[in-house]
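Enquirer: predicted model and sequence follow; I will ask about them next.
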Amino acid sequence: MNNKTMVMVLAYNVERTLEKTYNAVPDSLKTFVVVGDNCSQDRTNEIAQRLGIRTIRHEENFNYGGNLKRLMKTFLDEGGEVAVELHGDFQYDPSLTDLMVEYISRGYFDMIQGSRIRSRSEALAGGMPLYRYTCNRIMTFAQNLWFGTVFGEWHSGLRAYSRRLLEAAPLDSFSDTHAFASDIMMFAVANGFWVGEVPCPAKYEGESSSVPLPKLFDYAFKTFASAMKYPPGKRLPLKQMIKNTGGGRSA
């Protein structure tokens, strides 16, 4: 694992889950963890300091997208090569992060995400609320149709990114809300970056965050509005792979 990796842990009031999230990160990546504390009102920052985790504490809540943008800009400013997005509420399995980093660092992908949707029964058995599963399926179907892809989902919060992608992405133009997740993936797909996914078990526990239904409608509206920037037929061809090897886009 190279020393230009950053594991960006998004944190807002995660005092109950931050430690077990950090402990589940592979040992090879622990020294590269950076917590983006989005103006938490609980003991999140105190726990991060006790664990010796580097923390970037915002003095106001910049929302999901705003927090991630600031971490990504820090990553770029510090010359990073591979950035990992991980939520501090333990909803996504941190032990997968080193595998995802390898896909990026070996040059196979510019972005790779953990897909929670392999089957309806598996997702629901993991505790995913039915309304979230239904919204995910509808939106993913529409986005796959629009972009000509076959991804299992478009809305994961466990992702790894190459420097090449983050340097090219107009981060400031993306939403500060959860719609950032769709914005950056749509940009990557439409502009010929290599995007793939790996299975990631869905895991919703009592401590996991969950976007309420009204905000999901707002998320859907922002996502579909952003998709209009990339009409079918305007998708750029795949860029040359960072690694000189054969193969096609994985989805």
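Expert: Structure received. Only a predicted model underlies this, so the values are computations on that prediction, with no experimental measurement involved.

Enquirer: contacts and neighbour counts: CA atoms only from here.
Expert: Noted.

Enquirer: so in that sheet, which strands flank the strand or helix carrying T55, and in what orientation?
Expert: For T55, the element it lies in under DSSP states H and E is strand 54-57. Next to strand 54-57 in the sheet, as set by DSSP bridges, lie strand 33-37 (parallel).

Enquirer: what are the contacting residues of the strand it pairs with?
Expert: Residues outside strand 33-37 that contact it (Cα atoms under 8 Å, 6 or more residues apart in numbering): 6-12, 44-45, 48, 53-58, 67-68, 71.

Enquirer: and the residues you listed, which are buried?
Expert: Neighbour-count burial (16 or more other Cα atoms under 10 Å) applied to those gives 6-12, 44-45, 48, 53, 55-57, 67-68, 71.

Enquirer: now, those that are in helices?
Expert: Per DSSP state H, helices hold the following members of the buried ones among the contacts of strand 33-37: 44-45, 48, 67-68, 71.

Enquirer: export those as TSV, with columns for distance to R235.
Expert: Formatted as TSV, these follow (distance: Cα to Cα, whole Å):
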residue	distance to R235
T44	42
N45	42
A48	42
N67	29
L68	26
L71	28
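
Enquirer: in a helix, T223, correct?
Expert: Yes - the assignment for T223 is a helix, going by DSSP: H, G, I helix; E, B strand; the rest coil.

Enquirer: now do the contacts for it.
Expert: Here T223 is in contact with 179, 182-183 (Cα under 8 Å, 6+ apart).

Enquirer: only C-alpha atoms, please: export the helix or strand harbouring N23 in CSV.
Expert: For N23, the element it lies in under DSSP H and E is helix 18-24. What follows is helix 18-24, C-alpha atoms only, in CSV (Å, rounded to 0.1, in the frame of the first residue of the first chain):
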residue,chain,number,x,y,z
LEU,A,18,-16.3,5.7,14.9
GLU,A,19,-14.1,3.4,16.9
LYS,A,20,-15.4,0.2,15.5
THR,A,21,-15.3,1.7,12.0
TYR,A,22,-11.6,2.6,12.5
ASN,A,23,-10.8,-0.8,14.0
ALA,A,24,-12.2,-2.6,11.0
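
Enquirer: centre of the chain to it, how far?
Expert: In terms of Cα atoms, centre = their mean, to the nearest Å, the centre of helix 18-24 is found 17 Å from the chain centre.

Enquirer: count the residues that sit near Q113.
Expert: 26 (other Cα atoms under 10 Å).

Enquirer: just checking, what packs against the strand or helix carrying I112?
Expert: Using DSSP H and E, I112 maps to strand 111-115. When contacts are defined as 3 or more Cα pairs under 8 Å, 6 or more residues apart in numbering; DSSP states H and E, strand 111-115 sits against helix 97-105, strand 159-162, strand 195-199.

Enquirer: give the buried residues for the helix holding N23.
Expert: 18-19, 21-22, 24.

Enquirer: which elements pack onto it?
Expert: Counting by 3+ Cα pairs under 8 Å, 6+ apart, the packing neighbours recorded for helix 18-24 are helix 44-50.

Enquirer: all set now, cheers.
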